[in-house]
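> next one to model:
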Amino acid sequence: MKVLHRYVAREIIAAVIFALVAFLALFAFFDLIGELPQVGRGNYQLQHAFLYVTMGLPGYVYDLMPIAALIGSIYTLAQLAARSEFTIMRASGLSTGMASWMLARVGIVLVIVTFLFGEFIAPATSAMAEKWKLQAQGASISQEFRTGLWTKDVIRQNGLTGETVGTRFLNVKDVTPAGRLQNVKLYEFDRDFRLIAVVTAAYADYQARNVWRLSDVTETSFGAKLSDITATITTKTLPARDLVSEITPNILSVLFADPDRMSAYGLAVYTRHLAENNQTTERYEIAFWKKVFYPFAVLVMMALALPFAYLHFRAGGVSLKIFIGIMIGVSFQLLNSLFSHLGLLNTWPPLATAVLPSMMFLVIAIGSLWWVQKH
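Model (predicted):
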């Protein structure tokens with residue numbers, strides 16, 4: 001039985017890799033076509049476009065792995081059925097449970113690979129690709145916003161651990177690819193949302209441990225302390241000033257990133273930041289739970305492939321089965337995306353929004369397996 005498991009696993013993995021490479025080549029071609037109009041902007045040349053598209057491929061590996069697992073499994077099982085190998089396996093004592101476990105062992109390996117790409121490789125390469133592209137074009141991240149970037153922070157008495165005593169709104173005109181904030185404005189309010197200070201700085205550089213170094217600072221204060229607003233207005237200029245803030249470069253990068261390209265850890269950190277500042281978190285909560293459960297969709301897709309092994313070759317050619325597999329995979333992706341939007345519009349629980357598509361297809365897989373066994 002171990003020899004049989006290794007044989008089937010080898011065939012499935014080879015088919016999955018082939019399907020994945022084919023999809024990656026197709027998506028890379030379309031992405032390259034989309035990048036061509038931007039070639040010539042700044043120092044962005046054709047070789048830069050090739051590298052940018054290549055750095056985006058790990059994200060597609062994560063997105064396409066369930067479909068590739070489905071197509072690869074269907075192809076392998078359909079070939080085994082066409083050559084009567086699966087019939088011989090069943091006659092030799094291979095039960096449905098054993099066949100399911102045989103696929104599950106391969107699926108667990110693919111789940112781990114999908115998780116690694118989604119949590120570590122794809123977020124890093126996507127961020128590097130965007131930063132590198134902006135550097136090549138000589139652009140800044142926030143230049144597309146008319147008033148710059150806006151975000152919210154809290155003011156605490158003792159750095160990040162003290163009691164919350166106010167609210168701070170941060171406005172940044174530009175964010176360079178290196179992470180420098182340019183033309184910074186800070187509007188600080190007390191607990192009653194009375195304006196108590198306005199701080200401007202030419203630029204800000206992140207030091208470490210939630211500390212930003214503001215340079216060429218002008219600070220206008222409207223009161224001696226947060227709880228004591230007076231008519232006195234004082235203005236002072238400083239060459240530099242340190243600012244302790246919960247906002248970090250990682251949090252700022254989220255504002256320009258696609259939540260589906262972020263890691264689960266990054267989504268959790270940013271969701272907590274939004275919750276602490278009383279901002280809506282539904283979009284990022286849905287993306288977080290999707291990131292947690294999406295790798296397990298590989299197992300669901302492979303469960304959907306198992307019934308194809310019980311269909312005789314004359315009931316449909318291998319090409320027809322692969323076409324059906326592609327349609328199932330596309331349907332899963334569309335339904336997964338649809339539920340994300342419906343959950344956001346209808347304020348469904350984020351966990352249910354992320355899990356329901358996979359659960360629906362799992363029920364279909366179990367029902368299909370029961371039907372082919374009965375008939």
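
> check contacts around Ala78.
Shown in contact with Ala78 (Cβ atoms under 8 Å, 6 or more residues apart in numbering): Phe308, Ala309, Leu311, Phe313, Val318, Lys321, Ile322. (Each C-beta comes from the backbone N, C-alpha and C, glycine too.)

> JSON lines for these, including pLDDT?
Conversion of the contacts of Ala78 to JSON lines gives the following (pLDDT from 0 to 100):
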{"residue": "Phe308", "pLDDT": "86"}
{"residue": "Ala309", "pLDDT": "85"}
{"residue": "Leu311", "pLDDT": "73"}
{"residue": "Phe313", "pLDDT": "50"}
{"residue": "Val318", "pLDDT": "78"}
{"residue": "Lys321", "pLDDT": "83"}
{"residue": "Ile322", "pLDDT": "85"}
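
> mind checking which of these are in helices?
Val318, Lys321, Ile322 (DSSP state H).

> could those be laid out in TSV, adding distance to Pro357 and neighbour count?
Shown next, in TSV, are these (distance: Cβ to Cβ, whole Å; neighbours: other Cβ atoms under 10 Å):
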residue	distance to Pro357	neighbour count
Val318	27	16
Lys321	22	24
Ile322	22	19
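
> out of those residues, which one sits closest to Phe18?
Nearest to Phe18, judged by Cβ to Cβ, of those is Ile322 at 11.5 Å.

> strands along the stretch 151-300 of the chain, start to end?
Applying DSSP state E, counting those that start in this stretch to the stretch 151-300 of the chain gives strands spanning 164-175, 181-190, 195-208, 211-225, 228-244.

> try the stretch 1-150 of the chain
For the stretch 1-150 of the chain, the strands defined by DSSP E, counting those that start in this stretch cover 149-156.

> picking up where we left off before, ok, of the contacts of Ala78, which one's closest to Leu94?
Closest to Leu94, out of all of the contacts of Ala78 and judged by Cβ to Cβ, is Ala309, at 10.0 Å.

> residue contacts, that closest one?
Residues in contact with Ala309, defined by Cβ under 8 Å, 6+ apart, are Leu77, Ala78, Leu80, Ala81, Phe86, Ala99.

> one step back: mind checking the strands of the stretch 151-300 of the chain for the one nearest to Ala365?
strand 164-175 (45.6 Å).

> least reliable of the strands of the stretch 151-300 of the chain going by mean pLDDT?
Mean pLDDT per stretch puts strand 228-244 lowest among the strands of the stretch 151-300 of the chain, at a mean of 81.

> quick one: strands adjacent to it?
Paired neighbours of strand 228-244 in the sheet (DSSP bridges): strand 211-225 (antiparallel).

> how about the partner strand: buried residues?
Residues Trp212, Leu214, Val217, Glu219, Ser221, Phe222, Gly223 are the ones in strand 211-225 that count as buried (16 or more other Cβ atoms under 10 Å).

> likewise stretch 270-290?
Using 16+ other Cβ under 10 Å as the test for burial, stretch 270-290 gives 270-271, 273-274, 277, 281-290.

> same deal with stretch 105-119?
For stretch 105-119, using 16+ other Cβ under 10 Å, the buried residues are Val106, Gly107, Leu110, Val111, Val113, Thr114, Phe115, Phe117, Gly118, Glu119.

> can you check stretch 247-262 too?
The neighbour-count check on stretch 247-262 (16+ other Cβ under 10 Å) flags Ile247, Thr248, Asn250, Ile251, Leu252, Ser253, Val254, Ala257, Pro259, Asp260, Arg261, Met262 as buried.

> then stretch 93-101?
Using 16+ other Cβ under 10 Å as the test for burial, stretch 93-101 gives Leu94, Thr96, Ala99, Ser100.

> swap in stretch 335-348?
Going by neighbour count (16+ other Cβ under 10 Å), the buried part of stretch 335-348 is Asn336, Phe339, Ser340, Gly343, Leu344, Trp348.

> among the contacts of Ala309, which one sits closest to Gln373?
For these, the nearest to Gln373 is Ala99 (11.0 Å; Cβ to Cβ).

> confidence score at the nearest residue to the closest one once chain neighbours are set aside?
Excluding the flanking residues, the one nearest Ala99 by Cβ to Cβ, 6 or more residues apart in numbering is Leu306, at 6.4 Å. As predicted, Leu306 sits at a pLDDT of 92.

> before we move on, what about Ile13?
Taking Ile13 on its own, its pLDDT is 97.

> and it, how many neighbours does it have?
Neighbour count of Ile13, defined by other Cβ atoms under 10 Å: 16.

> my read: it touches Arg105, true?
No - distance between Ile13 and Arg105: 11.0 Å, which falls outside the contact criterion (Cβ atoms under 8 Å).

> mutual contacts of these two, please.
Residues touching both Ile13 and Arg105 (Cβ under 8 Å, 6+ apart): none.

> can you give me the distance of Glu85 to Lys321?
Noted for Glu85: a distance of 15 Å to Lys321, by Cβ to Cβ, to the nearest Å.

> do Gly343 as well
According to Cβ to Cβ, Gly343 and Lys321 sit 32 Å apart.

> how about stretch 326-334 as PDB, C-alpha atoms only?
Extracted C-alpha coordinates of stretch 326-334, given in PDB (Å, rounded to 0.1, in the frame of the first residue of the first chain):
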ATOM      1  CA  ILE A 326     -11.600  24.000 -14.700                       C
ATOM      2  CA  MET A 327     -15.200  25.100 -14.600                       C
ATOM      3  CA  ILE A 328     -15.500  23.900 -11.000                       C
ATOM      4  CA  GLY A 329     -12.300  25.700 -10.000                       C
ATOM      5  CA  VAL A 330     -13.400  29.000 -11.700                       C
ATOM      6  CA  SER A 331     -16.800  28.700 -10.000                       C
ATOM      7  CA  PHE A 332     -15.100  28.300  -6.600                       C
ATOM      8  CA  GLN A 333     -13.000  31.400  -7.200                       C
ATOM      9  CA  LEU A 334     -16.000  33.400  -8.300                       C
END
